[in-house]
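Q: Prediction below, plus the sequence it came from.
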Amino acid sequence: MKTLSRRRFIELSSMFTLGGVATQWVAVPIPVSGQETTGVAGQNWARNYSYRAMRLRRPKSVEQLQQVAAEASQLSALGSRHSFNNIADTPGDLVSMEHFGGVIAMDRDDQTVTVGGGARYGDFAVDLHRRGFAVHNLASLPHTSVAGACATATHGSGDKNGNLATSVSGIEMVTADGKVVTLSRGQNGDAFNGAAVSLGGLGLVTKVTLGIIPTFDVRQFVYEGLSQRQLEDNFDDIFGRAYSVSVFTPWNDDSKNALWLKCRVGAGDTQNPPAKLFGAKASTEDCHPILALSAESCTLQLGVAGPWYERLPHFKMGFRPSTGAELQSEYFVPRQHAAAALRVVHGLRKRLAPVLQISEIRTIAADNLWMSPCFGQACVSFHFTWKKDWPGVRAVLPLLEQTLAPFNVRPHWGKLFTMAPDVLQSRCPKLKSFRELVRTYDPDGKFRNDFLNRYIFGNA
């Protein structure tokens, strides 16, 4: 236990709950046609999935949450509704964590911040920056909840940057029996590496403690017209060029390929990049990843310096994220296969084109988190923003997965994929240990839903 001489301060915050302009994108119950019915919880943000839960609970305190957990026969936590599949659903009680937001505590000595289980990165980032700190990375959207993003190994980009869950050092959660349990990296050892990416299977997360670093500014530059050949031949040089790097491509038109560099100011990254880079030309105006769309919702580019939380995401907090009318998939391939994977995906460009809006390529550092796609290996990720055409996308996904199969590809847990459960399980080295961990905290399977039963416990 820390002594009183430690410089710790705690502040309860009510200013970072869901509300206002920043939450306009959150879905509300909307009737849908056909045999599908919208439950009490409505739909996810992209409105491609309708939650099946019988009840939506909105506890306002840990005590109320404990009662909900103890009474329910089945339940699951509802995060920011940014999953595209049923990973966050349940046939029982769906629990909104909207009243568990904001900064709860900050420890300058340990360089950690503790936030509520419902806090979103874009909500607490401003406060954290004002106090002189930052988190190491952000996803392309600042709208996602901390607990949900970490539970699914959501990530940003950067050769030296692990996924968002790699910064987690402590978790407080309410388990299936209604008890409050605290886990930490220091006290729980390797088991904590299983809990950090929990897939929602351990409990309802009330607090998350994150490692923080001194705040920093970022300058963002975009280069247009990066050729497929340049990307394949110079992959390591391109993705080592800045603190965070993304390449956007429709795969079938090099003129629409774009290189996004997020350069940390004063940390040795390029401050005055050339007019051309790897054959691509520096953009003279702010761009959207989909070049035909307005860049109004995108974070500022053209080298204008700004705090980390206003540059590391691609999209601003106060706007609807991405395009809205879309579906998403993402696949992870070991970094050493990057060039070969690029070639085979490029070979599918004619099949992808009818249903694809844009694709994003990023790199993520290796980690030791059991259910992370980057467990024990650095990865390159291939993200696909599809048109909202599920029959068309569903026809393409098996081909994409089969083409990437030689590289032991793994999907993002919260996005759309068609990979067979036994194939996915065979690519999770710590699956058995994770199953045992889930059974330890949830022996009766209260948090087990269709997704976990199919992809984690199937054939167990």
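A: Okay, I see it. In this text the structure is predicted, and so the values were computed from the model without any measurement.
Q: Report the backbone C-alpha coordinates of the single longest helix found in the chain in CSV.
A: Determined from DSSP state H, the single longest helix within the chain is helix 390-404. Coordinates of each C-alpha in helix 390-404 appear next as CSV, following Å, rounded to 0.1, in the frame of the first residue of the first chain:
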residue,chain,number,x,y,z
TRP,A,390,-23.4,-7.9,-46.2
PRO,A,391,-24.3,-10.4,-48.9
GLY,A,392,-21.5,-9.0,-51.0
VAL,A,393,-19.0,-8.8,-48.1
ARG,A,394,-19.9,-12.3,-46.9
ALA,A,395,-19.0,-13.7,-50.3
VAL,A,396,-15.6,-12.0,-50.3
LEU,A,397,-14.5,-12.8,-46.7
PRO,A,398,-13.9,-16.5,-47.2
LEU,A,399,-11.7,-15.9,-50.2
LEU,A,400,-9.7,-13.2,-48.4
GLU,A,401,-9.2,-15.5,-45.4
GLN,A,402,-8.2,-18.5,-47.6
THR,A,403,-5.7,-16.3,-49.5
LEU,A,404,-4.1,-15.1,-46.2
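Q: mind listing the helices for the stretch 351-460 of the chain?
A: Secondary structure of the stretch 351-460 of the chain (DSSP state H, counting those that start in this stretch): helices located at 390-404, 421-426, 431-441, 450-455.
Q: Mean pLDDT, distance to H143 and mean neighbour count added to those, as CSV?
A: Where C-beta positions appear, they are placed from N, C-alpha and C, glycine not excepted. Formatted as CSV, the entries for these read as follows, by pLDDT from 0 to 100; distance: least, CB to CB, whole Å; neighbours: other CB atoms under 10 Å:
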stretch, mean pLDDT, distance to H143, mean neighbour count
helix 390-404, 97, 22, 16
helix 421-426, 97, 27, 14
helix 431-441, 98, 28, 17
helix 450-455, 96, 22, 18
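Q: I'd like to know which of those is closest to A191.
A: When the helices of the stretch 351-460 of the chain are compared by CB to CB, helix 431-441 sits nearest A191, at 6.1 Å.
Q: So for the residue nearest to V247 when sequence neighbours are not counted, what pLDDT did the model give?
A: With CB to CB, 6 or more residues apart in numbering as the criterion, V247 has its nearest non-adjacent residue at 4.4 Å, and that residue is I361. On pLDDT, I361 comes in at 98.
Q: Pairing partners for I361 in the sheet, please.
A: Listed by DSSP bridges, the beta-bridge partners for I361 are V247, F382.
Q: Contacts only, for it.
A: Applying CB atoms under 8 Å, 6 or more residues apart in numbering to I361 gives the contacts 231, 246-249, 342, 380-383.
Q: Show me how far stretch 56-72 is from its chain's centre.
A: 26 Å (CA atoms, centre = their mean, to the nearest Å).
Q: actually stretch 250-270, sorry about that
A: The answer for stretch 250-270 is 20 Å, by CA atoms, centre = their mean.
Q: Buried residues of that stretch, list them for me.
A: 250-251, 254, 256-265, 269 (16 or more other CB atoms under 10 Å).
Q: Between all of those residues, which two are separated the most?
A: Pairwise across the buried residues of stretch 250-270, and taking CB to CB, the largest span is found between W251 and V265, at 32.7 Å.
Q: Quote the end-to-end distance of stretch 115-134.
A: Stretch 115-134 has an end-to-end distance of 13 Å (CA to CA, to the nearest Å).
Q: so for that stretch, what's the average pLDDT?
A: Here the average pLDDT along stretch 115-134 is 94.
Q: Distance from it to the middle of the chain?
A: Counting by CA atoms, centre = their mean, stretch 115-134 comes out at 16 Å from the chain centroid.
Q: Now that stretch: buried residues?
A: 115-125, 127-129, 133-134.
Q: In helices, which of those appear?
A: Those of the buried residues of stretch 115-134 lying in helices (DSSP H): 121-125, 127-129.
Q: in the stretch 101-250 of the chain, which spans are helices?
A: Taking DSSP H, counting those that start in this stretch to define them, one finds helices in the stretch 101-250 of the chain at 121-130, 146-151, 185-188, 190-195, 228-233, 235-239.
Q: that older thread, adding distance to G376 as columns, could you present the helices of the stretch 351-460 of the chain in TSV?
A: Formatted as TSV, the helices of the stretch 351-460 of the chain follow (distance: least, CB to CB, whole Å):
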stretch	distance to G376
helix 390-404	19
helix 421-426	15
helix 431-441	13
helix 450-455	20
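Q: average pLDDT across stretch 175-188?
A: 96.
Q: 36 is where my numbering starts, stick with that
A: Right, with 36 as the first residue, what we last looked at is stretch 210-223.
Q: quick one: buried residues of that stretch?
A: 210-211, 213, 215, 218, 220, 223.
Q: ok, C185 to N307 distance?
A: Distance, C185 to N307, by CB to CB, to the nearest Å: 36 Å.
Q: Give me the more crowded residue out of the two.
A: Comparing C185 with N307 by neighbour count (other CB atoms under 10 Å), the higher total belongs to C185, at 26 against 8.
Q: Report the spatially nearest residue to that one, omitting neighbours in sequence.
A: A200 (3.9 Å).
Q: Which residues are in contact with the one you found?
A: 184-186, 188-189, 231-232, 402, 404, 407.
Q: if we go to 7 Å?
A: Counting by CB atoms under 7 Å, 6 or more residues apart in numbering, A200 makes contact with 185, 188, 231-232, 404, 407.
Q: and the residue nearest the centre of the chain, what is it in contact with?
A: Centroid-nearest residue in the chain: T189, 2.6 Å away (criterion: CA atoms, centre = their mean). Applying CB under 7 Å, 6+ apart, we find T189 in contact with 174, 179, 198-199.
Q: How about N120?
A: 84, 449-451, 486.
Q: from those, which single one is nearest S111?
A: Checking the contacts of N120 against S111 by CB to CB gives F486 as the nearest, at 9.3 Å.
Q: now the helices of the stretch 136-285 of the chain in CSV, with distance to S468?
A: Listed next are the helices of the stretch 136-285 of the chain as CSV, based on distance: least, CB to CB, whole Å:
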stretch, distance to S468
helix 156-165, 29
helix 181-186, 17
helix 220-223, 13
helix 225-230, 6
helix 263-268, 37
helix 270-274, 31
